[in-house]
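Novice: Take this sequence and fold it.
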Amino acid sequence: MTETGIVIRLDGKYAVVSVIRKSACVGERGGCSGSCAGCSGCSSKALEARVINEAGARPGDTVELYAPDSRMLLLSAAIFFFPLLAAIAAYFAAKLFGADDEAALFVAAAMFALTGIASLFFTNRTKESFAVKAVRIISTPSHEKTE
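Specialist: Numbering: from 1, shown residues only. Predicted structure coming up:
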């Protein structure tokens, strides 16, 4: 996944970047038109993301952001799919051991909550490997004084 954004501020080795998702605002040629006012599928607010500043960007710089698609898919699965799968398995396991519907639903909900918390813990502990990175400075604003 690659996106572009504008660095708002620095935070140690991180940069806070303002990003407008290309997929949310599609222009005539399939890409972001840059004019979200004419696009009904696009909100006018940009997202702010905290990214690793590998490019050494400064506030005002336009940067290219990168995260491997496979890591984003794994992150999505860890947060959404695994808790759901665990809840379904817990429901059927409870039914197999003779629990009534109400008890099986309670066990499923508890399993969903526990695996959801575990997923958040996992992604928080490994956030460096899942982190989005600013890999290249696309443009820098000119800071020339005119007299």
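Novice: Determine the longest helix present in the protein.
Specialist: For the chain, the helix with the greatest residue count under DSSP state H is helix 101-125.
Novice: How far away from the center of its chain is it?
Specialist: Its chain's C-alpha centre and that of helix 101-125 lie 21 Å apart, by CA atoms, centre = their mean, to the nearest Å.
Novice: Lowest average confidence across helices and strands of the protein, where is it?
Specialist: helix 127-130 (a mean of 58; mean pLDDT, DSSP states H and E).
Novice: can you pull the pLDDT of the closest residue to I6 other than its chain neighbours?
Specialist: Distance criterion CB to CB, 6 or more residues apart in numbering; nearest residue to I6, sequence neighbours excluded, is S18 at 5.0 Å. The C-beta positions use only the backbone N, C-alpha and C, and glycine is treated the same way. On pLDDT, S18 comes in at 88.
Novice: Next up, phi/psi of S18, please.
Specialist: phi -90, psi 120 (degrees, to the nearest 10).
Novice: in the chain, what spans have low per-residue confidence?
Specialist: Within the chain, the segments meeting pLDDT under 70 span 21-45, 70-72, 123-130, 143-147.
Novice: Longest strand of it, counting residues only.
Specialist: strand 2-11 (DSSP state E).
Novice: quick one: strands adjacent to it?
Specialist: strand 14-19 (antiparallel), strand 62-66 (antiparallel) (DSSP bridges).
Novice: Would you mind putting those into JSON lines with distance to A90 alongside?
Specialist: Shown next, in JSON lines, are the strands paired with strand 2-11 (distance: least, CB to CB, whole Å):
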{"stretch": "strand 14-19", "distance to A90": "37"}
{"stretch": "strand 62-66", "distance to A90": "37"}
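Novice: The residue lying closest to T2 once chain neighbours are set aside: neighbouring residues, count only.
Specialist: In space, T2 comes closest to Y66 once its chain neighbours are excluded; the distance is 5.3 Å by CB to CB, 6+ apart. Y66 sits with 16 neighbouring residues when counted by other CB atoms under 10 Å.
Novice: List the beta-bridge partners for Y66.
Specialist: Y66 has the following beta-bridge partners by DSSP bridges: T2, K133.
Novice: isn't it right next to A131, touching?
Specialist: No: between Y66 and A131 no contact is recorded; they are 10.2 Å apart, counting by CB atoms under 8 Å.
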